[in-house]
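Student: attaching a predicted model along with its sequence, questions to come.
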Amino acid sequence: MAAGLGTRMKSRRAKVLHELGGAPLIAYVVRAAQALEPRSIITILGHQAEEVERAVLAEVGELASFVIQERQRGTGDAVESARRVLEDSDSLVLVLSGDVPMIRVETLQKLIEHHNDAGAACSILSVRLENPTGYGRIIRDNNGEFRKIVEQRDASEDERLVREINSGIYCFEAKALFEALRKVEPKNDQGEYYLTDVAEIILASGGTVSVFLINDPREVSGVNTRAELAEFENLVRRSAIRRLMIESGVTFIDPSHAYISAEAQIGRDTIIHPNVTIEGKTVIGEGCVIRAGARITNSRLGDNVTVKDHSVIVDSQVEANCSVGPFAHLRMNALLEEKATVGNFVEVKKSRLKRGAKAMHLTYLGDATIGERTNIGAGTVTCNYDGVNKHETIIEDDVKIGSDTMLVAPVRVGARSKTGAGSVITRDVPPDSLVAGVPAEVKKKLK
Ligand code: UD1
Ligand code: CA
């Protein structure tokens with residue numbers, strides 16, 4: 001179920017699109033469903049249907065199908081919108097909420113086992129909470145047998161004292177579910193069709209309803225407000241960092257001030273300083289040092305790389321023994337080959353610095369290839385954009401680009417050449433030459 005807006009989030013975005021550890025909430029739920037190897041995963045769409053659909057497809061592709069709930073008239077109505085695709089099947093229907101992201105696959109497997117063992121038409125996953133406020137309560141009779149689920153706002157004072165809550169995760173026999181759904185009426189405080197009423201209806205018609213009580217309440221907590229989302233974020237982050245410390249041998253100077261995606265891999269003896277953000281599927285090698293304030297997104301770093309303070313590396317690759325920053329920006333497939341160095345206030349876009357190349361200060365390298373051991377002087381700019389198209393700059397091996405050189409692309413600088421300070425290079429520079437001036441001309445041959 002992913003059709004609701006999530007009013008309590010006070011957001012224009014559908015709740016299930018809000019992100020946790022860099023991935024939308026719905027991604028966690030469909031990933032768990034996928035691990036069960038179901039026949040299909042049906043997502044009930046409503047608010048921002050297109051975006052939710054895209055988020056689901058990105059996770060589970062082929063397995064996904066979608067139904068639309070035109071108006072959000074409650075969880076019962078949500079499942080009702082899948083009637084056409086499910087009603088006549090002899091399937092087991094597992095109902096998950098898009099806003100319960102921490103659910104574990106093992107728990108779902110156990111719920112299904114429990115359901116089959118009990119020969120139930122409906123099984124409800126429940127848990128006891130210290131503070132059950134806001135959740136539907138599991139009401140049992142004097143013998144402890146299930147009677148019904150009551151929502152917080154419809155509950156009597158006595159019922160509100162019950163600490164066992166409905167997780168919103170259920171297992172149904174498809175036929176029993178859709179038969180019972182016909183009888184659900186919007187007779188409650190919200191005037192909605194509640195899926196929770198189905199349990200009571202199945203029971204009344206002689207079906208078996210079983211409740212599967214689990215121990216870990218965090219697993220089934222829903223995200224309803226931004227405060228809860230922040231708590232989850234904290235949990236996800238802490239467990240990712242713990243895993244990296246315990247299993248991978250990564251040092252965190254201050255684990256409470258590091259922001260690491262759950263998908264990131266980091267090698268042993270790498271040191272992460274405070275306020276570092278590592279996003280997406282980033283891979284970092286062994287023995288690296290990532291200094292304060294750096295952000296690394298969907299990038300690969302080899303071994304023994306140093307990323308100095310406040311550098312940003314996005315969609316790029318840095319090979320072993322390179323140094324980046326402070327205040328450097330690598331983006332759009334920037335590639336630093338072994339021992340290359342990029343210093344302060346240097347931006348590298350869609351460019352390759354070959355082995356041992358250096359750009360130490362105040363430089364823009366866009367659409368460029370920089371040869372081995374070539375040194376780029378302070379203030380160098382590849383003028384790659386003529387207002388319409390982007391053009392390439394190629395600088396060959398062992399070149400020395402003088403400070404403040406403007407390279408008007410497309411242009412090539414031959415191996416072992418030098419450019420004088422302040423040169424404006426508008427034509428290709430032959431190898432072994434010293435060029436200077438505006439526009440630059442060959443002053444002498446170096447060999
Ligand atoms: C629901 C349960 C409650 C349970 C709680 C657990 C009902 C009536 N109540 O309450 O017993 O304790 O979950 O988290 O089911 N949705 C739709 N269409 C709708 C309404 C909701 O798709 O018309 C989706 C939402 O997007 C969400 C999920 O269903 O993913 C749950 O909806 P929500 O409004 O959060 O239900 P709760 O009030 O939390
Ligand atoms: Ca909820």
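Tutor: Structure's in. What do you need? Numbers count the residues shown, from 1 in each chain. Ligands and ions are numbered 1, 2, ... in the order given.
Student: list the contacts of the residue of the stretch 101-250 of the chain found nearest ligand 2.
Tutor: Proximity of the stretch 101-250 of the chain to ligand 2 (CB to the ion) peaks at G222, 3.6 Å away. Heads up, the C-betas are built off the backbone N, CA and C, glycines and all. Residues in contact with G222 (CB atoms under 8 Å, 6 or more residues apart in numbering) are 97, 99-100, 168, 228.
Student: over to R128?
Tutor: Contacts of R128 by CB under 8 Å, 6+ apart are 163-165, 213, 217.
Student: pLDDT check: weakest of the residues you listed?
Tutor: Lowest pLDDT within the contacts of R128 is found at P217 (92).
Student: enumerate the residues of the stretch 101-250 of the chain near ligand 2.
Tutor: Residues of the stretch 101-250 of the chain found near ligand 2 (CB under 5 Å from the ion) are G222.
Student: so which residues on the stretch 101-250 of the chain come close to ligand 1?
Tutor: 135-136, 149, 151, 165-168, 194-196, 222 (CB under 6 Å from any ligand atom).
Student: looking at those residues, which are in strands?
Tutor: Mapping those onto strands (DSSP state E) picks out 149, 165-168.
Student: neighbour count for these - can I get that in a markdown table?
Tutor: Listed next are these as a markdown table, based on neighbours: other CB atoms under 10 Å:
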| residue | neighbour count |
| --- | --- |
| I149 | 27 |
| I165 | 23 |
| N166 | 23 |
| S167 | 26 |
| G168 | 23 |
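Student: show me which of the residues you listed is closest to E51.
Tutor: Closest approach to E51 among these (CB to CB): G168, at 22.2 Å.
Student: hmm, I103 and the closest one touching each other?
Tutor: No - between G168 and I103 there is no contact under CB atoms under 8 Å: 9.8 Å.
Student: quickly list what's touching both of the two.
Tutor: What both G168 and I103 touch, as defined by CB under 8 Å, 6+ apart, is the set 96, 220.
Student: of the contacts of R128, grab the buried ones for ChimeraX.
Tutor: Here is the ChimeraX command that selects only those of the contacts of R128 that count as buried (16 or more other CB atoms under 10 Å):
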select :164,165,217
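Student: which among the contacts of R128 gets closest to Q69?
Tutor: I165 (24.1 Å).
Student: surely that closest one and L125 touch.
Tutor: No - applying CB under 8 Å as the test, I165 and L125 come out as separate, 10.1 Å apart.
Student: give me the element I278 is part of.
Tutor: Here I278, judged by DSSP states H and E, is contained in strand 276-279.
Student: ok now that strand, how far from the chain's centre?
Tutor: Centroid separation for strand 276-279 versus its chain: 12 Å, with CA atoms, centre = their mean, to the nearest Å.
Student: returning to what we had before: from the residues of the stretch 101-250 of the chain next to ligand 1, which is closest to ligand 1?
Tutor: Each of those was checked against ligand 1 using CB to the nearest ligand atom; the closest is G136, at 2.1 Å.
Student: what does stretch 153-168 contact?
Tutor: Applying CB under 8 Å, 6+ apart, the contact partners of stretch 153-168 are 75, 95-97, 100, 124-130, 132, 135-140, 149-150, 152, 188-190, 196, 213-214, 220, 222.
Student: what is the longest helix seen in the chain packed up against?
Tutor: When the chain is parsed with DSSP state H, its longest helix is helix 226-246. Counting contacts by 3 or more CB pairs under 8 Å, 6 or more residues apart in numbering; DSSP states H and E, helix 226-246 packs against strand 19-20, strand 251-252, strand 258-260.
Student: of all those strands, which one is nearest ligand 2?
Tutor: When the helices and strands packed on helix 226-246 are compared (using CB to the ion), the closest one is strand 19-20, at 14.3 Å.
Student: one step back: from the contacts of R128, which is closest to T419?
Tutor: T419 has its nearest neighbour among these in P217, at 66.1 Å by CB to CB.
Student: that closest one against N131, yeah?
Tutor: No - counting by CB under 8 Å, P217 does not reach N131; the two are 9.7 Å apart.
Student: now D397: closest residue in space, sequence neighbours ignored.
Tutor: If the residues on either side of it in the chain are set aside, D397 comes closest to G371, at 3.7 Å by CB to CB, 6 or more residues apart in numbering.
Student: just I124 next, same as before
Tutor: Once flanking residues are discounted, I124 sits nearest to V211: 5.0 Å by CB to CB, 6+ apart.
Student: again with E347
Tutor: The shortest distance from E347 to any non-neighbouring residue, by CB to CB, 6+ apart, is to H329 (4.4 Å).
Student: against ligand 2, how distant is that neighbour?
Tutor: Distance, H329 to ligand 2, by CB to the ion, to the nearest Å: 40 Å.
Student: bridged to that residue, which residues?
Tutor: V312, E347 (DSSP bridges).
Student: quick one: it and V312 touch, right?
Tutor: Yes - counting by CB under 8 Å, H329 touches V312, with 4.9 Å between them.
Student: now the common contact residues for those two.
Tutor: Contact with both H329 and V312 is made by no residue, according to CB under 8 Å, 6+ apart.
Student: most tightly packed of the helices and strands packed on helix 226-246?
Tutor: Each of the helices and strands packed on helix 226-246 was scored by mean neighbour count; the highest is strand 258-260, a mean of 22, by mean count of other CB atoms under 10 Å.
Student: what residues are up against E130?
Tutor: 163, 217.
Student: Three-state assignment for Y28, please.
Tutor: Assigned by DSSP: H, G, I helix; E, B strand; the rest coil, the conformation of Y28 is helix.
Student: and it, how many neighbours?
Tutor: Using other CB atoms under 10 Å, Y28 has 24 other residues around it.
Student: which residues touch the nearest residue to it once chain neighbours are set aside?
Tutor: Nearest-residue entry for Y28: P101, 3.6 Å, with adjacent residues in sequence omitted and distances by CB to CB, 6+ apart. Contact analysis of P101 by CB under 8 Å, 6+ apart lists 20, 25, 28-29, 223, 232.
Student: which pair in those spans the largest distance?
Tutor: Maximum pairwise distance among the contacts of P101 (CB to CB): 13.0 Å, between V29 and F232.
Student: which one of the two is surrounded by more residues?
Tutor: Neighbours per residue, other CB under 10 Å: of V29 and F232, the larger number sits with V29, 26 against 20.
Student: what pLDDT is listed against that one?
Tutor: 97.
Student: then L235?
Tutor: 89.
Student: got the CA coordinates for stretch 73-85 in PDB?
Tutor: Presented in PDB, the C-alpha positions along stretch 73-85 are these (Å, rounded to 0.1, in the frame of the first residue of the first chain):
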ATOM      1  CA  ARG A  73     -10.600   6.200   1.200                       C
ATOM      2  CA  GLY A  74      -8.600   4.000   3.600                       C
ATOM      3  CA  THR A  75      -6.500   0.900   3.700                       C
ATOM      4  CA  GLY A  76      -9.400  -1.400   3.000                       C
ATOM      5  CA  ASP A  77     -10.200   0.600  -0.100                       C
ATOM      6  CA  ALA A  78      -6.600   0.500  -1.100                       C
ATOM      7  CA  VAL A  79      -6.500  -3.300  -1.100                       C
ATOM      8  CA  GLU A  80     -10.000  -3.300  -2.800                       C
ATOM      9  CA  SER A  81      -8.300  -1.600  -5.800                       C
ATOM     10  CA  ALA A  82      -6.300  -4.800  -6.400                       C
ATOM     11  CA  ARG A  83      -9.500  -6.900  -6.500                       C
ATOM     12  CA  ARG A  84      -9.400  -7.400 -10.300                       C
ATOM     13  CA  VAL A  85      -5.900  -8.800 -10.300                       C
END
